[in-house]
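Colleague: Attaching a predicted model along with its sequence, questions to come.
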Amino acid sequence: MGVRRIKERLDAATGFWPALHGALDALGFDGGYVERLTAPPHGGRRKYVKDSVWGMMDFEPHELAIIDSPLLQRLRRISQLGLTFLTYPSAEHSRFSHTLGVTHVLKRLVASISDAARREPILRAGNDEYQLYDPSADGAVARSLAHAALLHDVGHLAFSHAGETAFSAGAGLLVGGMELEDFIACFREEGFESGLSECLSIAVCLSPRFRAFYGRVLGADDVDGRLREICCFIGGVPHDPRYPGLANLISGAAVDADKIDYLNRDARQCGIPVGVDVSRVFLNSALVRISQDQALALSRSRIGQTGGGRFSAGVHFIVNSSGIDTYDELANAKAVLYQRVYLHQLTRNAEQVLSEAVHGAIRDAPATAGPDPRDIFTWFGYGDDELLARLSRERGSRQIAARLVTRDLPKRAFVIYRDACEPFVSLRDVFDAGEWDVHDARGALADLELVYRRATCWRLFDQLVPVDPVERPRRLAELRDLIRREAIAVRRSVDPGFVPPAPNAAEPYVGLSPRFELKPINEVLVREKNSIGHSGQWTKSEELSNADNLGRGVDHVHADREWLPYVAVACTKVLYDLHAGTMASSIPDGAATGDGSAREGFPVRPRLLLRLEEVCSRTGVDHGRLLDDMATAARAGYFGAAERIVPLDGGLLPRCGTVAARYATFRGEGGWQVSPGSVAAFVRQFPVGLRPEMLSLLAEGTIITRGAVGQAFDRMTAASRARGEGGIVFARFSPNSGNVTGIALEQERRDTYLGAGHGFVRNLAELEVRLAGGPADCVAFVDDQFASGGQASAQILHWAGVPRERWPAAIQGERNIDMSAPGDRTLELLRSGRVRLMFVHGTESGRTRVVETARSAGFADLDVVFDRLIPASPILSGPLREFLAEVGRGLLRAIRHGDAPVDAAADAALAADAVGYGGIGSVMVTPTSAPSHAITALWCPGAYAGQPWLPLFLRRGYRKHLVFG
C-alpha cells in the first residue's frame with residue numbers, strides 16, 4: 001500500500017530520521033521519554049475536559065497518553081489561526097483545543113453511525129437493499145480513527161498554516177536533508193493530496209521514535225498496521241479500498257470532523273455569526289455498503305446531474321435528508337469564514353511579512369556546525385512566540401520581524417481580481433449587433449462578449465499564479481522581484497529627487513499575497529426515504545460556493561506607504577507584459593456573410609488590463625495620483641510599447657464623444673461602428689503626448705454622408721445640363737463603395753432624377769439591357785472618391801480585356817473591382833466617348849492617371865469628373881507623423897509580406913503607403929469604408945509592436961485581419 005512505500009522512501013533518505021528525531025528531542029519527545037512511558041491501563045478511567053464549543057469531552061486512557069505527550073502539548077504554543085489575531089484580537093485559540101475538538105466530534109459521529117447500524121442493519125431504498133456498517137464493531141479501527149484525529153495536526157509549524165506557507169514559499173528548503181519538493185512528491189506519488197503540514201504529521205507517525213511510543217500506548221503486536229491506518233486517515237486516503245468512507249470522517253469530505261470543529265470554533269472566536277446546527281449531522285448519519293451495480297447506478301445519476309465522476313463500490317458515508325440543511329450551513333459557513341477570516345487581506349499581508357522574515361533569517365544565518373537553517377526540522381519545535389523571538393534576534397530578519405511585533409504592516413498597493421480585468425475594448429463598442437445574421441443579434445453579441453472576456457482577461461487572471469505547489473513559490477518570487485525592480489524604475493522616472501538604493505542596501509518591501517485556491521466542496525450521499533442519491537440532487541451549495549470562491553479570488557500586492565503609488569504603476573506594466581506573446585486564442589465572428597457561409601474567428605492576443613478606478617477603491621492608492629504618475633512615467637518613456645495601458649486623461653473623454661458623434665453613421669464591414677468607447681480605445685493606443693493632437697485630427701475629418709452624395713451629384717448633374725447634355729443613366733462603378741454610392745444616390749434622388757429624364761441601373765448586365773432598348777445620351781459610373789486612381793485604372797483595364805499580367809505592377813494585386821465582362825453595346829459605348837466616371841471627391845493627379853489609362857485601353861474620350869478635391873493632407877506634428885508612419889508600415893508589412901523578408905522595392909512601397917496610399921494621408925471615410933488614401937492606422941487592423949492594433953474605421957476587405965486583445 002501507499003504508506004508502506006512512503007516509509008521505504010523516507011528510510012532510504014540519508015539522515016532523514018536522525019534529523020526528525022533531533023527535532024523531536026528538542027520537544028522532549030526523546031528516547032528517554034518513550035522508555036519511561038508506561039502502557040495505559042486497560043479499562044482505566046476516562047478523563048473529562050470542558051470545552052467552550054462542545055462542553056464536556058471525554059477521552060480514554062490510550063487517548064490521554066497521546067494527548068499528554070510533548071507532541072500534542074506542543075500544539076498549545078501554536079495558534080489555530082496563525083496571524084489572524086492581528087485582525088481579530090480574540091482569535092487566539094490554539095491548535096491543541098482544535099485537535100481535542102476534532103477528536104470529540106469524530107467520536108460522536110462514530111457513535112451516531114454505530115447506533116444507526118445497530119437500529120437498522122439493512123437500509124431499504126426503492127428496490128435496493130444496503131447494508132449499514134458499524135465502525136465500532138471493529139474496535140481497533142475505531143481506535144485508529146480517534147488516534148488519527150488526535151495526531152492529524154502534529155506536523156503543523158509555528159503559526160499553523162501561515163507558518164506552512166512561509167516555509168513553503170522559498171527555494172532550496174529541505175526536510176530532513178531532502179529537497180522540499182522531493183519530500184512532498186513522496187506523498188503525492190502515492191495518492192496523498194496533502195499539504196506540508198499533513199505530510200509532516202504522517203512522517204512523524206512513521207518515525208521509529210513514534211513507533212516505539214505507539215507500541216507502548218497500544219500494547220499490541222500489529223503496531224505497523226495500525227500506524228499505516230492512522231497515516232491513511234490523516235491523509236484522507238482509504239486504508240482499505242473496501243472502506244473509502246472511513247478516510248473521510250476526519251477530513252476531506254463535505255461533512256467531516258475537522259470541518260465541523262474549525263468552522264464552529266473559529267467562527268465563535270472571531271465573532272463571526274455563522275450558524276451550523278451540528279446536532280442534525282449526527283441524526284441518522286451512516287456508513288453504507290454499496291455494491292458494484294449500485295455504485296454504477298449512482299455514477300450514472302451523478303454524471304447526468306452534475307457532470308461529476310464515478311462512485312466506487314465499498315463503504316461510504318451517508319447523511320439523512322433531514323441533515324442536508326446542515327450540509328448547506330457548513331458550505332455557506334466555510335465560504336463566509338474563508339472570505340472574512342482566513343483570506344482577510346490584513347492577515348494575508350502579515351503572512352507575507354512572516355515569510356519575508358523567515359527567509360531573511362534562513363538566507364543570512366551564519367554558517368555553523370549545528371542544524372541546517374534551510375531544513376524545516378530545524379524550526380519544527382518552535383511555538384509562535386519562540387519563532388517570533390528568534391526572528392527578532394537574527395540579523396537577516398530582525399527589522400521585518402519587528403513589524404509583526406508592533407503590527408506595523410505594509411499597505412495594499414494593488415489588487416487583482418477577475419471582475420476588475422477588462423478587454424481593451426468592448427465588442428459592443430465596435431460592432432453593431434443589428435448586422436449579425438442571427439435572430440437575437442444583441443443576445444449573440446453579449447454571449448460573444450462573455451467568450452471574449454473568458455479568452456482574454458479571465459484566462460490571464462486564472463493563469464497569473466500557477467496552482468502547482470512546486471512552481472507556485474518560484475513564480476511568486478519572480479513576480480515580486482519584478483514588481484520591486486519596476487517600482488524603482490517608476491520612481492526614478494517620476495520623482496526627480498529620488499536616489500535609487502545602493503547595490504547592497506535594503507530594497508523597498510513588496511509583498512505578494514496570491515489568491516487561495518479553495519478545494520471544491522465534495523458531494524455526499526443523501527438518504528431520502530426510499531432512495532439514495534447525491535447531494536447535488538438536493539442542494540446547489542457546491543456550485544454556488546465554488547462559483548463564489550472563483551469570483552472572489554483576489555491577489556494583493558503590499559508595499560510601504562511611501563512606495564504605494566510607484567508599486568501600483570509598476571503592477572500595471574508588469575501584469576500587462578507578463579504573458580506577452582505566450583498565449584493565443586480566438587473568438588467566433590457572428591456577423592452575416594451574405595452567402596450563408598461561416599466567417600473565420602478573430603485571433604486574440606491577450607494581455608492583462610485592469611480597471612484602475614476599481615482597483616484603487618480597494619487599496620490605499622489615490623486614483624487621481626495614480627493616473628498622474630502613470631502619465632508622467634509615460635512621458636519619460638517608462639512604458640515603452642506598453643503605453644496604451646495608461647488610461648485616457650479625463651478631459652479627453654468628452655472629446656471622444658464628440659468624435660464618435662461626427663462618425664456615428666459609419667457602418668463598416670460586418671457592422672463595424674464608431675462609438676465613444678471605440679474612439680477612446682483607438683486613441684489610447686497612441687503615446688500619451690500625442691493623444692490630444694490625434695483627437696483634434698479626427699474632429700476635423702470628413703465623412704461622405706448620404707446627404708453629401710446627393711448634393712455632390714446634384715451639382716455635377718446641373719453642370720452637365722448647363723453644357724446642353726441630355727439624360728444620364730447612372731451605373732455603379734466598384735462593387736463595394738461604388739455600389740453603396742449608387743444605392744445612396746438612388747434612394748436620395750430617384751424620383752427627382754427620373755422626373756428629369758435620368759435613369760438608374762445596378763450593374764453591367766442591366767446596362768446592356770438598357771442599351772438594347774436604345775442609345776443613351778450619357779452613362780455615368782458613380783463612386784464616392786478616388787485619390788491615386790489605381791483602382792479605377794484597374795477596372796478600366798479589365799473592361800478593355802487587358803490581361804492582368806500586363807497591368808502596371810502597382811495595381812496587379814487590386815481585387816476590389818467588378819470582375820464581370822461588359823457586353824458588346826457597353827464596350828461600344830465606352831469607345832464612343834459617351835461615358836463618364838463621376839466621383840464625390842477626387843484629385844487632379846488621379847484624374848490624369850485614369851484618363852491616360854482609358855486612352856491606352858481604347859477608351860479615348862472617357863471623361864472623369866469629381867465634385868470636390870480630397871482635402872489636403874492634414875498638418876501633423878513630427879512625432880505624430882512618425883508614429884503613424886511606424887504603425888502603418890508595420891501593419892501593411894504584416895498583411896503584404898507576413899514574416900517574409902522585404903526587398904528594397906517592397907520596403908519603399910511600404911514607406912510610400914505608411915500614412916495612406918500614395919502618401920496622401922487624409923482623414924476621410926465613406927458611410928461603409930475608409931479609402932486607401934486615408935491614414936493607414938485609421939483603417940488597417942493587425943498587430944503593432946506585438947500588440948493588437950484596433951482601427952477606428954475598418955476598410956472593406958480587411959475584417960479578416962482583425963486581431964483583438
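Modeller: Sure thing, it's come through. Residues are numbered from 1 along each chain as shown.
Colleague: contacts, neighbours, all on C-alpha from now
Modeller: Noted.
Colleague: For the residue located most distally from the centre of the chain, what are phi and psi?
Modeller: Relative to the mean C-alpha coordinate of the chain, counting by CA atoms, centre = their mean, the farthest residue is residue 724 (69.9 Å). With angles defined as degrees, to the nearest 10, residue 724 sits at phi 90, psi 10.
Colleague: Please name the residues that touch residue 572.
Modeller: By CA atoms under 8 Å, 6 or more residues apart in numbering, the contact list for residue 572 reads 609, 610, 645.
Colleague: how about the strands in the stretch 401-550 of the chain?
Modeller: 411-417, 510-513, 525-528, 531-534 (DSSP state E, counting those that start in this stretch).
Colleague: quick one: average pLDDT of the second one?
Modeller: Summarised as a single mean, pLDDT over strand 510-513 is 89.
Colleague: Determine the set of other helices and strands touching that strand.
Modeller: Helices and strands touching strand 510-513, by 3 or more CA pairs under 8 Å, 6 or more residues apart in numbering; DSSP states H and E, are helix 345-363, helix 471-494, strand 554-559.
Colleague: same thing with the first one?
Modeller: Contacts of strand 411-417 with other secondary structure elements, assessed using 3+ CA pairs under 8 Å, 6+ apart, are made with strand 554-559, helix 564-577, helix 612-617.
Colleague: change it to 7 Å
Modeller: strand 554-559, helix 564-577 (3 or more CA pairs under 7 Å, 6 or more residues apart in numbering; DSSP states H and E).
Colleague: Let's have the ones you listed in a markdown table, adding mean pLDDT.
Modeller: A markdown table is the format used below for the helices and strands packed on strand 411-417 (pLDDT from 0 to 100):
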| stretch | mean pLDDT |
| --- | --- |
| strand 554-559 | 88 |
| helix 564-577 | 93 |
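Colleague: Quick one, which of these gets closest to residue 67.
Modeller: Closest approach to residue 67 among those (CA to CA): strand 554-559, 38.6 Å.
Colleague: Just the residues contacting that closest one, thanks.
Modeller: 349, 410-417, 509-515 (CA atoms under 7 Å, 6 or more residues apart in numbering).
Colleague: That one vs helix 471-494, what angle?
Modeller: Per axes from the mean of the first three to the mean of the last three CA atoms, to 10 degrees, the angle that strand 554-559 makes with helix 471-494 is 50 degrees.
Colleague: got a list of contacts for stretch 155-162?
Modeller: For stretch 155-162, the external contacting residues (CA under 7 Å, 6+ apart) are 78-83, 163-164, 197-198, 200-201, 351, 380, 382-384, 387.
Colleague: try 8 Å this time
Modeller: By CA under 8 Å, 6+ apart, stretch 155-162 touches 77-83, 95, 163-164, 197-202, 204, 351, 354, 379-384, 387.
Colleague: Type out the PyMOL command that picks the buried ones from those residues.
Modeller: Selection of buried members from the contacts of stretch 155-162 for PyMOL, criterion 16 or more other CA atoms under 10 Å:
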select buried, resi 77+78+79+80+81+82+83+95+163+164+197+198+199+200+201+202+204+351+354+379+380+381+382+383+384+387
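Colleague: circling back: by neighbour count, which of the contacts of residue 572 wins?
Modeller: In terms of neighbours by other CA atoms under 10 Å, the contacts of residue 572 top out with residue 609 at 25 neighbours.
Colleague: now the angle between helix 471-494 and the helix or strand containing residue 626, please.
Modeller: Counting by DSSP states H and E, the element that carries residue 626 is helix 623-635. Orientation of helix 623-635 against helix 471-494 (the same axes, to 10 degrees) gives an angle of 80 degrees.
Colleague: and whichever helix or strand comes after helix 623-635, which residues are buried?
Modeller: Once helix 623-635 ends, the next helix or strand along the chain (criterion: DSSP H and E) is helix 653-662. Across helix 653-662, burial judged by 16+ other CA under 10 Å covers 655, 656, 657, 658, 659, 660, 662.
Colleague: and if you look at stretch 11-27?
Modeller: Result for stretch 11-27 [16+ other CA under 10 Å]: buried residues 16, 17, 19, 20, 21, 22, 23, 24, 25, 27.
Colleague: mean confidence score for it?
Modeller: Mean predicted confidence for stretch 11-27 is 96.
Colleague: List of residues touching it?
Modeller: 10, 30-31, 70-71, 74, 175-178, 204, 207-209, 377-381.
Colleague: Among those residues, which lie within strands?
Modeller: Counted as lying in strands by DSSP state E, out of the contacts of stretch 11-27, are 175, 178.
Colleague: Out of the strands of the stretch 401-550 of the chain, name the one with the poorest average pLDDT.
Modeller: Looking at the strands of the stretch 401-550 of the chain, the bottom one is strand 531-534 with a mean of 72.
Colleague: Kindly format the C-alpha coordinates of it as PDB.
Modeller: Below are the C-alpha coordinates for strand 531-534, written out as PDB (Å, rounded to 0.1, in the frame of the first residue of the first chain):
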ATOM      1  CA  SER A 531     -33.900   6.400  -2.300                       C
ATOM      2  CA  ILE A 532     -30.200   7.200  -2.100                       C
ATOM      3  CA  GLY A 533     -28.800  10.000  -4.200                       C
ATOM      4  CA  HIS A 534     -26.000  12.500  -4.200                       C
END
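Colleague: List the contacts of the residue nearest to residue 926 when sequence neighbours are not counted.
Modeller: The spatial neighbour of residue 926 that comes closest, neighbours along the chain excluded (CA to CA, 6 or more residues apart in numbering), is residue 704 at 4.8 Å. By CA under 8 Å, 6+ apart, the contact list for residue 704 reads 784, 924, 925, 926, 927.
Colleague: Just the residues you listed: which are in strands?
Modeller: Short answer: the contacts of residue 704 in strands (DSSP E) are 784, 924, 925.
Colleague: Quick check: pLDDT value at the first one.
Modeller: The one in question is residue 784. At residue 784, pLDDT is 89.
Colleague: before we move on, the earlier item: turn the contacts of residue 572 into TSV, including distance to residue 298 and pLDDT.
Modeller: Below are the contacts of residue 572 laid out as TSV (distance: CA to CA, whole Å; pLDDT from 0 to 100):
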residue	distance to residue 298	pLDDT
609	45	84
610	44	85
645	51	93
